[in-house]
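Chemist: Here's my sequence, what's the structure:
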Amino acid sequence: MRISNILYNIVYQNDNITFTKILIPKTLANLFMITPEERTAILKVIGSKHVKKIQAYLNQHKIYSSPEKPYSKTSISYILSGERENEIVENAIFAYAHQKMIEKEKQQELRDLIVSKQKL
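Modeler: The predicted model follows:
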């Protein structure tokens, strides 16, 4: 397992995403692989065909394994399961899951609003 002392901070507004590097102590670096609990939560938020959706998100934001070469579904699956470490992809997965969670919350708020208006 590769241990890195770089953590990527994710900032996104609308559909624009930026990554900035943050140096962390080497002793904390191995704590940043996706855990089984995190994987379960991510899968619950993203839903079915999660690897394909994550791959599309990575491609949309031009996050490639090498110049112009997209991450394979196999690589994404390994990273998502915690078998491989890749800080950039891991952070992008969390950003995508967070984005989907916000979308679901907004959709639920809209549904609740429509139902409440119907009762009036």
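Chemist: Return the residues in contact with the spatially most central residue of the chain.
Modeler: Residue closest to the mean C-alpha point of the chain, counted by C-alpha atoms, centre = their mean, is residue 93 at 1.5 Å. Neighbouring residues of residue 93 by C-beta atoms under 8 Å, 6 or more residues apart in numbering: 34, 42, 54, 79-80. Any C-beta I mention is one placed from the backbone N, CA and C, and that applies to glycine too.
Chemist: Out of those residues, which comes closest to residue 97?
Modeler: residue 42 (4.7 Å; C-beta to C-beta).
Chemist: any idea how far residue 55 is from that closest one?
Modeler: Distance, residue 42 to residue 55, using C-beta to C-beta, to the nearest Å: 14 Å.
Chemist: Show me where this structure has its helices.
Modeler: 26-29, 36-46, 50-60, 73-80, 87-119 (DSSP state H).
Chemist: Quick check: which of these is nearest to residue 66?
Modeler: Per C-beta to C-beta, nearest to residue 66 of the helices of the chain: helix 73-80, 11.4 Å.
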